[in-house]
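1. Got a predicted structure here, sequence first:
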Amino acid sequence: MQIIIDAGWKEWAPNLQIGSIVAEVTVGDSGDELNAKLDQLVAKIEAGLPVASIAKEAAIAAMRKTYRTVGKDPTKYRVSSEALLRRIGRGLGLYRVNNVVEINNYVSMKSRCPVCAYDSSKIRGDVRFTVAPEGTVYEGIGRGELNIEFLPVFMDEAGAFGSLTSDSARTCISQETRTVLFNLVSVHPHDELESWIREAAELLELHAQGKMKEMRIWNGVWSSIK
């Protein structure tokens with residue numbers, strides 16, 4: 001499976017970077033240690049990041065600008081990392097699903113970037129990261145049919161399966177998932193992406209019996225992380 005980056009991103013978001021992991025995992029409950037990490041980070045965000053300041057965070061501000069560039073209102077279709085931080089800032093806490101989803105959310109909260117975790121066995125052929133054409137819809141996780149036109153999306157031979165706002169039910173992580181594709185997407189310039197991907201890999205190893213099969217970064221070209 002290859003991840004192909006649409007040439008349009010040179011115009012839509014020149015600073016685009018993607019960190020990608022393919023790993024074998026065991027999906028289950030989060031466990032006390034992972035839950036404690038999540039609780040600690042949630043408490044830190046609640047205490048130190050007012051809701052009114054979330055849109056000014058560098059990673060989120062850059063992604064909101066990208067949404068406007070490709071034709072989507074970021075106040076109506078929020079990037080997933082912003083939506084997650086706003087939920088926490090409003091005191092609603094962090095919903096819990098399973099260990100892999102929790103790791104996804106942990107890294108997203110920490111990096112302020114959208115992080116997308118997919119069951120790779122349900123992906124058909126190669127993956128393309130692009131902008132969804134007009135009229136594109138899919139079944140969102142717990143949200144029914146979702147309008148994803150003009151959103152940044154991952155697509156395979158069967159169509160779009162994940163956006164930076166809400167992922168599809170088709171490739172969602174479940175108890176039956178054995179291999180995960182984990183993508184962190186950034187559109188603002190920084191040098192922290194590799195450290196976030198390494199931390200995600202460590203969390204998967206510690207809390208999901210993860211075995212890394214591939215770790216890569218795209219920054220104009222794909223390069224492997226050893």
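-> Thanks, I have it.
2. all contacts plus neighbour counts: C-alpha atoms, from now on.
-> Will do.
3. can you pull the buried residues of the lowest-mean-pLDDT helix or strand in the chain?
-> Lowest by mean pLDDT, DSSP states H and E among the helices and strands of the chain is strand 144-147, with a mean of 85. By neighbour count on 16 or more other C-alpha atoms under 10 Å, the buried set for strand 144-147 is N147.
4. Does anything pack onto that strand? Which helices or strands?
-> Secondary-structure packing of strand 144-147 (3 or more C-alpha pairs under 8 Å, 6 or more residues apart in numbering; DSSP states H and E): strand 137-140.
5. For the strand it packs on, list every residue counted as buried.
-> 137-140.
6. Can you add distance to R86 and give the residues you listed back as CSV?
-> Formatted as CSV, the buried residues of strand 137-140 follow (distance: C-alpha to C-alpha, whole Å):
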residue, distance to R86
V137, 25
Y138, 24
E139, 24
G140, 20
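7. Can you check which helix is longest in the chain?
-> In the chain, with assignment by DSSP state H, the single longest helix is helix 31-48.
8. Now find how far off-centre that one is within its chain.
-> On the basis of C-alpha atoms, centre = their mean, to the nearest Å, helix 31-48 sits 19 Å off its chain's mean C-alpha point.
9. And for the helix or strand just after it, what's in contact with it?
-> Using DSSP states H and E, the helix or strand that follows helix 31-48 in sequence is helix 51-54. With contacts defined as C-alpha atoms under 8 Å, 6 or more residues apart in numbering, helix 51-54 is touched by 60, 82, 85-86, 89-90.
10. mind listing what's buried in the helix or strand just after helix 51-54?
-> Using DSSP H and E, the helix or strand that follows helix 51-54 in sequence is helix 58-70. If you call a residue buried by 16+ other C-alpha under 10 Å, then helix 58-70 has these buried ones: 58-67, 70.
11. on that earlier part again, so what strands line up beside the following helix or strand past the least confident helix or strand of the chain?
-> Using DSSP H and E, the helix or strand that follows strand 144-147 towards the C-terminus is strand 152-156. Using DSSP bridges, strand 152-156 pairs in its sheet with strand 127-131 (antiparallel), strand 159-163 (antiparallel).
12. List of residues touching the last one?
-> Outside of strand 159-163, the residues within contact range by C-alpha under 8 Å, 6+ apart are 116, 132, 136, 138, 148, 151-155, 167-171.
13. Check which helices and strands the following helix or strand past that strand is in contact with.
-> Next along the chain after strand 159-163, taking DSSP H and E as the criterion, comes strand 179-186. Applying 3+ C-alpha pairs under 8 Å, 6+ apart, we find strand 179-186 packed against strand 17-24, strand 115-119.
14. model confidence over the first one, on average?
-> Along strand 17-24, the predicted local confidence has a mean pLDDT of 98.
15. Direction included, what does that strand pair up with?
-> When DSSP bridges is applied, strand 17-24 pairs with strand 179-186 (antiparallel), strand 211-218 (antiparallel).
16. what's the angle from that strand to strand 115-119?
-> 30 degrees (axes from the mean of the first three to the mean of the last three C-alpha atoms, to 10 degrees).
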